[in-house]
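# next comes the sequence, and after it the predicted model I'd like to discuss.
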Amino acid sequence: MSLEWREIARFGSKVVASGLCTSRFGNISMRMGDSIFITCTGSMLDELDATKVVQVDLQGPCDLDRMASSETCVHRAVYNGTSAHAIIHTHSPYAVALSLIEKEILKPIDSEGLIFMGTVPIVSGRFGTKDLAENVSSALRTSKACIARGHGVFVAGENLDEAYTLACMVEHSSQVLYLVKAYQRSAEQ
C-alpha cells in the first residue's frame, strides 16, 4: 500500500493548498483491481500518512469500512458504475454556494469550463447515504463532475491528476459564475 497512500497524500495536500476544502473535509480514493484505497474518516487531507488510508473491498462492505471515509458507499457506487480509477470529493466553497442557488445544473460561463467540462449536475442526498451514492454514480456516468447540493463536489477520473484537474475546474467555473451573478445583482440595485 506504500505507493497508493503516498499518491493520495500528495493530492490531499494539493486539494487543501488550492482551497478546494479545509483540512478535515473531503476524501480521496483510488481503485486498484478489486480494492479501493480511501482516506479514513476524519483524517486531515494535508497531513495523510499510511495510517490514514485504508484498503476496502470494491464489491461490498468489509471490516475496514468503519475506519474508511463516511463516503465510502459513494466511492463504491461510482467505481462499480463507471470506468473511473480515482475519485476526489471536495467541499469547495463556491461550488457548494452555487449548489444552493442553482436548481439542477451548474452551467459554466467561462470558456475553459464550457469546453473541457460542460454542465455539472447538482444532485441530492444526505452525505454517506445510499441515496447520495446512487445519485452521484448516475451523474458521473454521463458527466465529468457533479455537486451534491449543500455538500460538495465529486469528480471521477482515470487517475488522480485528472480528478484533481476536474475538481479545480469545477471550483474555478463556480467562482466565476458566482462573481458574475453577484455583480449583476449589485448592478440592478
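Done, it's in.
# got the contact list for Ile88?
Residues near Ile88 by CB atoms under 8 Å, 6 or more residues apart in numbering: 11, 15, 26-28, 153-155, 160, 163-164, 166-167. All C-beta spots, glycine's among them, are computed from the backbone N, C-alpha and C.
# the helix or strand where it lies - which strands sit beside it in the sheet, and in what orientation?
Taking DSSP states H and E as the definition, Ile88 sits inside strand 86-90. Partners of strand 86-90 in the sheet, by DSSP bridges, are strand 27-32 (antiparallel), strand 152-157 (antiparallel).
# who does the very next helix or strand once past it touch, helix- and strand-wise?
Counting by DSSP H and E, the next helix or strand C-terminal to strand 86-90 is helix 93-101. Where contact means 3 or more CB pairs under 8 Å, 6 or more residues apart in numbering; DSSP states H and E, helix 93-101 is packed against strand 105-106, strand 145-148, strand 152-157, helix 160-188.
# apply 7 Å and report the result again.
Packing partners of helix 93-101 (3 or more CB pairs under 7 Å, 6 or more residues apart in numbering; DSSP states H and E): helix 160-188.
# go through the helix it packs on and flag the buried ones.
160, 162-178 (16 or more other CB atoms under 10 Å).
# now do that helix and strand 152-157, the angle between them.
140 degrees (axes from the mean of the first three to the mean of the last three CA atoms, to 10 degrees).
# run the angle between helix 160-188 and helix 93-101 for me.
Going by the same axes, to 10 degrees, helix 160-188 makes 60 degrees with helix 93-101.
# centre of the chain to helix 160-188, how far?
Here helix 160-188 is found 15 Å from its chain centre; the criterion is CA atoms, centre = their mean, to the nearest Å.
# report all helices and strands that that helix contacts.
helix 2-17, strand 86-90, helix 93-101, helix 111-116, strand 152-157.
# kindly state which of those is positioned closest to Gly128.
Closest to Gly128 of the helices and strands packed on helix 160-188, according to CB to CB: strand 86-90, at 11.0 Å.
# pull that closest one out as PDB, backbone CA atoms only.
C-alpha atoms of strand 86-90 as PDB (Å, rounded to 0.1, in the frame of the first residue of the first chain):
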ATOM      1  CA  ALA A  86      -9.700   7.800  -9.000                       C
ATOM      2  CA  ILE A  87     -12.200  10.000  -7.100                       C
ATOM      3  CA  ILE A  88     -11.800  13.300  -5.300                       C
ATOM      4  CA  HIS A  89     -14.600  14.700  -3.200                       C
ATOM      5  CA  THR A  90     -14.200  18.400  -2.000                       C
END
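# got the contacts of Ile88 as JSON lines, with distance to Ala86 and pLDDT columns?
Formatted as JSON lines, the contacts of Ile88 follow (distance: CB to CB, whole Å; pLDDT from 0 to 100):
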{"residue": "Phe11", "distance to Ala86": "8", "pLDDT": "98"}
{"residue": "Val15", "distance to Ala86": "12", "pLDDT": "97"}
{"residue": "Gly26", "distance to Ala86": "14", "pLDDT": "96"}
{"residue": "Asn27", "distance to Ala86": "12", "pLDDT": "97"}
{"residue": "Ile28", "distance to Ala86": "8", "pLDDT": "98"}
{"residue": "Val153", "distance to Ala86": "14", "pLDDT": "98"}
{"residue": "Phe154", "distance to Ala86": "12", "pLDDT": "98"}
{"residue": "Val155", "distance to Ala86": "9", "pLDDT": "98"}
{"residue": "Leu160", "distance to Ala86": "4", "pLDDT": "98"}
{"residue": "Ala163", "distance to Ala86": "5", "pLDDT": "98"}
{"residue": "Tyr164", "distance to Ala86": "9", "pLDDT": "98"}
{"residue": "Leu166", "distance to Ala86": "10", "pLDDT": "97"}
{"residue": "Ala167", "distance to Ala86": "11", "pLDDT": "98"}
